[in-house]
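Chemist: Attaching a predicted model along with its sequence, questions to come.
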Amino acid sequence: MEVNKLINSINDAVSEVFDGSTIMIGGFGEAGSPVELIHALIDNGSRNLTIIANNAGNGRIGLGALIGQRQVNKVICSFARSHKSITFKEQYEKNEIELEVVPQGTLAERIRSAGAGIPGFYTATAVGTPLANGKESKMFDGKEYILEKALSADFAFVKAENADRYGNLSFNKTARNFNPIMCMAAKQTIVQVKNFIDVKETDPEKVITPGIFVDKIVEVKNPLIETHAIENGEVYP
C-alpha cells in the first residue's frame, strides 16, 4: 500500500482535535507559524485547549484569534506579551485564561526531552526566581539546579516549506525554530506546507524532520503573512 500523508482539506486535517486537547504550535513570532491550521481549528470549534507555543499570539489572527474566540484555557509559553499582543492580555487581566511561563531555552529542552523519551532534566535556569517555586531542586558540584519535566502534547501544528508524500520536511530558514522538536513530542503531527513535492525531488541532505514524525500534511501554497495582515487590520474569523 502506497504511503501518502497528504490531506486534501485543511479542515479535515484538524478534524480529530477534541475538546481539552493540548496542542503545540510551532513558530518563533511570525516565522514558521501555522496560521492557516490555527484558523481551521477555530472553524473546528474545539474548546478548553492548552496551547504550548513560543508566544501567546499577535493581533486577531492565528493564535491571537484562537485565544480571542475563547477556545483556549491555558497557554504555556516564553513570551506572553509581544508588541502586537491583544487577546491574551485582555483575558489574562480578567483572570479568564491561565499562563505558565517557561524560559525559552527550557521550553525548547522540555519539548525536545519528550520527543527523546527523557522524562525530565535539571537546569540552573530560573533558580532563585518565582519560576522555581514548587519544583524539586538538587545540588550538583555545589550549584543548585531545578527539575524540569518533559512537555508533550496531543497534537503539533507545524509550518514547513517542503514536504513529500512520506512527510519528510524541510523548513525555510528561521521557520525551523520549534517546529522539528514539536513534531517529535506530539502524538499526532499536522503540517501545513507551502510546496508539496515529488519524492524524487526530496534531497535527503535537506530533510530536517523525517516522515516518521509526521501524520498529516495539507498544502497551503500562499500562506498568510502575519505582519501584513496585522498592519492591514485583518481579523479572523
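Modeler: Everything's here; your move.
Chemist: Only C-alpha atoms from now on, for both contacts and neighbour counts.
Modeler: OK.
Chemist: Report the outermost residue of this structure with respect to its centre.
Modeler: Relative to the mean C-alpha coordinate of the chain, counting by CA atoms, centre = their mean, the farthest residue is G142 (36.2 Å).
Chemist: Against I51, how distant is that one?
Modeler: Applying CA to CA, to the nearest Å, the value for G142 to I51 is 36 Å.
Chemist: How about A153?
Modeler: Distance from A153 to I51, by CA to CA: 9 Å.
Chemist: Mutual contacts of the two, please.
Modeler: T22, I23, M24 (CA atoms under 8 Å, 6 or more residues apart in numbering).
Chemist: And the strands in the protein, which stretches?
Modeler: Ranges of strands in the chain, per DSSP state E, are 22-25, 49-52, 72-77, 98-101, 120-123, 137-140, 143-149, 153-163, 169-170, 186-196, 216-219.
Chemist: Pipe the ones you listed into TSV and attach distance to I38 and mean neighbour count per row.
Modeler: Formatted as TSV, the strands of the chain follow (distance: least, CA to CA, whole Å; neighbours: other CA atoms under 10 Å):
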stretch	distance to I38	mean neighbour count
strand 22-25	9	25
strand 49-52	11	23
strand 72-77	12	20
strand 98-101	19	15
strand 120-123	29	16
strand 137-140	37	12
strand 143-149	27	17
strand 153-163	8	26
strand 169-170	19	27
strand 186-196	10	23
strand 216-219	13	25
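Chemist: all helices of the chain, in order?
Modeler: Counting by DSSP state H, the chain has helices at residues 10-13, 35-44, 62-68, 87-92, 104-116, 179-185, 226-231.
Chemist: Give me the distance between the residue most central in space within the chain and A185.
Modeler: Nearest to the mean C-alpha position of the chain, counting by CA atoms, centre = their mean, stands I25 at 1.6 Å. I25 is 12 Å from A185, where distance means CA to CA.
Chemist: Need the residues touching each of those two.
Modeler: A156.
Chemist: where does this protein dip in pLDDT?
Modeler: Within the chain, the ranges that satisfy pLDDT under 70 run 1.
Chemist: hmm, back to that, any chance of the helices of the chain in TSV, with mean neighbour count and distance to A56 too?
Modeler: Converted to TSV, the helices of the chain look like this (neighbours: other CA atoms under 10 Å; distance: least, CA to CA, whole Å):
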stretch	mean neighbour count	distance to A56
helix 10-13	18	23
helix 35-44	21	13
helix 62-68	25	7
helix 87-92	18	6
helix 104-116	20	13
helix 179-185	26	16
helix 226-231	14	14
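Chemist: Looking at those, which is nearest to T209?
Modeler: helix 179-185 (5.8 Å; CA to CA).
Chemist: Can you name every helix or strand that the closest one contacts?
Modeler: Where contact means 3 or more CA pairs under 8 Å, 6 or more residues apart in numbering; DSSP states H and E, helix 179-185 is packed against strand 22-25, helix 104-116, strand 153-163.
Chemist: and if we set it to 10 Å?
Modeler: Packing partners of helix 179-185 (3 or more CA pairs under 10 Å, 6 or more residues apart in numbering; DSSP states H and E): strand 22-25, helix 104-116, strand 153-163, strand 186-196.
Chemist: Run the chain-centre distance for it.
Modeler: 8 Å (CA atoms, centre = their mean, to the nearest Å).
Chemist: Let me have that helix in CSV, keeping just the CA atoms, if that works.
Modeler: This file holds the C-alpha atoms of helix 179-185, laid out as CSV (Å, rounded to 0.1, in the frame of the first residue of the first chain):
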residue,chain,number,x,y,z
ASN,A,179,8.8,23.0,14.6
PRO,A,180,11.2,19.9,14.4
ILE,A,181,11.2,19.2,18.1
MET,A,182,7.4,19.7,18.3
CYS,A,183,7.0,17.1,15.6
MET,A,184,8.7,14.6,17.8
ALA,A,185,6.9,15.4,21.1
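Chemist: All set, thanks.
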